[in-house]
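Engineer: My questions are about this predicted structure, shown below with the sequence.
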Amino acid sequence: MSDKIEKVSVIVSKGSLEGVYPALIMANGARAEGMEANLFFTFFGLDAIHRQRHEHIKLATVGNPGLHLATWAGGLPGMSSVMTHYLSRKMDDLDIPPIPEFVEMISDSGAGLYACKASVDLFGLGKDDFIDQVRDIITVGEFYDLAAGGQIIFT
Amino acid sequence: MSDKIEKVSVIVSKGSLEGVYPALIMANGARAEGMEANLFFTFFGLDAIHRQRHEHIKLATVGNPGLHLATWAGGLPGMSSVMTHYLSRKMDDLDIPPIPEFVEMISDSGAGLYACKASVDLFGLGKDDFIDQVRDIITVGEFYDLAAGGQIIFT
Amino acid sequence: MSDKIEKVSVIVSKGSLEGVYPALIMANGARAEGMEANLFFTFFGLDAIHRQRHEHIKLATVGNPGLHLATWAGGLPGMSSVMTHYLSRKMDDLDIPPIPEFVEMISDSGAGLYACKASVDLFGLGKDDFIDQVRDIITVGEFYDLAAGGQIIFT
C-alpha cells in the first residue's frame, strides 16, 4: 500500500500566478524524484502554455485575502502588476524561474504537456497558439488514460 | 500499475462558473469512458445543485487575472453578467450545456450526485432545496467510502 | 479495487476562509474514519499554520460569485470581515471550530502537519513562524513519499 508514487498528472485550471506556480512545483517535484509527470492545461490554465500570454500571468490581488491587502487596495490600477513584480523578484532570488522558463524546464525534464480539447475549442484556439513543448491537444478521456496508475492533482 | 481508472469522484467546492464547469467536464468525461463517476458538492459548490441558484452561476470577473480584464473593469456593475453571457454563448456554440442541463445530463448518464452534510448544515439547507437528481446528503466519511478504489479530484 | 482508503494527504494552497475550511474538513473526516491523514501547507495556505496570521483568515468577498454579493458590495471596506464574522457565528452554532482550534484538533487526532519548503523560502519564513504542531518543513519530493499509497487532495 505504501509503494512509491510512479506517476503524477497535474491539471492546471487557473490562469493566475498563484494558481499556476503550485501546479508547476508539484510537477517539477515529481520529475525531480524520477516519477513520470504530465501537465494537462484546461480553462484559464491554458494561459500558461499560450505563446503570447504566458509571460503576462499575474497574481490575483483582489479576492485573495491571503495577500493581506485591503480589498480597495487590491483593486487599485496596477496593483496586480506591482505585487506580481515583487513576488517575481523574490522567486528569482530563490532560483524559481518565471513561468515560461519553468514550463520549458519541466518539459525538458521529460514531463508531458497537453492542452484540453474542450477548453481549446471554447476559447477558439489552435495548436499554433501554444508553445512548441505542447505535445498534443487531448480530450478528458485521453487524459484519464494517460493518468491511469498514478495520482491526479487538480489545481 | 497502468490499469484503466475505474472510478472518478469529483468534489465541487466553488460556486463560480469557472469553478463548476471543470468539475462537470471531468465527471462527464469519466462517464463517457464508461467509468463510475460521483459528484460531491460542498461549500459554495452547493449552488450547482440548488433549485433556485443553479441557473444564476456567474463567472468571477475580479480576482481572475486569467480573464485579462483590468481589475477596475472586472468590478464594474454588471460585468460578471456580461462576461458570463458571452462565455455561455460560446459554450452553446460548442454544445456545452448550461450548468443546470449539464448536471442533469451527467446524472442521467448514471453518475451519483451527493451534497456534503457539513456544508448543508452550515448554510441551513435541506434536501428540498436541491434538485431531484441529488441522491443523498452524506458525510465526508461516507464520501471516502464511495470514492475508495478510484481517483478523487477536488475542484 | 474498492478497498477502503487508508491514507489521505491534503495540500492546502489557499489563504482564504473558503479555501482552508474544505481542506480541514477533508482531513478531519479522514481521521474520524481512522485513516492516516497529512496536511501539507503551501503558498498562501501557510497562513493557516502561521502563529500571527492563523486567527485572521478571511472570506474572499470579491471574485467569489458563490456569495451572491454584488461585486461593488464585496469591495466595500470591511465587507470581508463582516461576512467572515457572519459565517464564523454559523460555524460556531454547528460546533465547527475556528481555524486555529480546528488545526490543533486535527493535529491532536494524529494527523501530520507539514510546511512546504519552497513556499517557506519564498515568503522568507522559518520554523519559528509556525505553530508548534507543525512537524517539519519538507520538500515536494518528501511530501510525495509521505502520500504514497493514499489519496492526494489539492485544495
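Structural biologist: The structure has been received and is ready for your questions.
Engineer: Stretch A:23-34 near chain B at all?
Structural biologist: No: figure legend: stretch A:23-34 not in contact with chain B (Cβ under 8 Å from any Cβ of the partner chain); closest approach 13.2 Å. Yep, even glycine has a C-beta here, placed from its N, CA and C like the rest.
Engineer: just stretch A:83-93 next, same as before
Structural biologist: No: Stretch A:83-93 stays clear of chain B (Cβ under 8 Å from any Cβ), getting no nearer than 8.5 Å.
Engineer: ok, that stretch near chain C or not?
Structural biologist: Yes: in terms of Cβ under 8 Å from any Cβ, part of stretch A:83-93 sits within range of chain C, namely A:87, A:90-91.
Engineer: Distance check, the residue nearest the centre of chain A against chain B.
Structural biologist: The centroid of chain A falls nearest to residue A:20 when counting by Cα atoms, centre = their mean (3.6 Å). Residue A:20 sits at a distance of 9 Å from chain B (criterion: Cβ to the nearest Cβ, to the nearest Å).
Engineer: about what we covered before: ok, of the residues of stretch A:83-93 next to chain C, which come out buried?
Structural biologist: A:87, A:91 (16 or more other Cβ atoms under 10 Å in any protein chain shown).
Engineer: ok, of the residues of stretch A:83-93 next to chain C, which one's closest to chain B?
Structural biologist: The closest of the residues of stretch A:83-93 next to chain C to chain B turns out to be residue A:87 (Cβ to the nearest Cβ; 12.8 Å).
Engineer: now the helices for chain A?
Structural biologist: Along chain A, counting by DSSP state H, helices occupy A:17-32, A:71-74, A:79-93, A:99-108, A:117-122, A:140-147.
Engineer: pLDDT below threshold where in chain A?
Structural biologist: By pLDDT under 70, the low-scoring segments of chain A are A:1-2, A:61-80, A:82.
Engineer: List the contacts of the nearest residue to residue A:146 once chain neighbours are set aside.
Structural biologist: Leaving aside its chain neighbours, residue A:146 sits nearest to residue A:38 (5.5 Å; criterion: Cβ to Cβ, 6 or more residues apart in numbering or on different chains). Contact analysis of residue A:38 by Cβ atoms under 8 Å, 6 or more residues apart in numbering or on different chains lists A:7-10, A:27, A:111-114, A:143, A:146-147.
Engineer: Then residue A:121?
Structural biologist: So residue A:121 contacts residue B:94 (Cβ under 8 Å, 6+ apart).
Engineer: From residue A:46, how far out is it?
Structural biologist: When distance is defined by Cβ to Cβ, to the nearest Å, residue A:121 is 11 Å away from residue A:46.
Engineer: and what of residue A:128?
Structural biologist: Residue A:128 is 13 Å from residue A:46, by Cβ to Cβ.
Engineer: So for those two, which residue has more residues nearby?
Structural biologist: residue A:46 (25 against 6; other Cβ atoms under 10 Å in any protein chain shown).
Engineer: Surely that one touches residue A:118?
Structural biologist: No: assessed by Cβ atoms under 8 Å, residue A:46 is found out of contact with residue A:118, at 10.9 Å.
Engineer: tell me, how many neighbours does residue A:129 end up with?
Structural biologist: So residue A:129, with other Cβ under 10 Å, has 17 neighbours.
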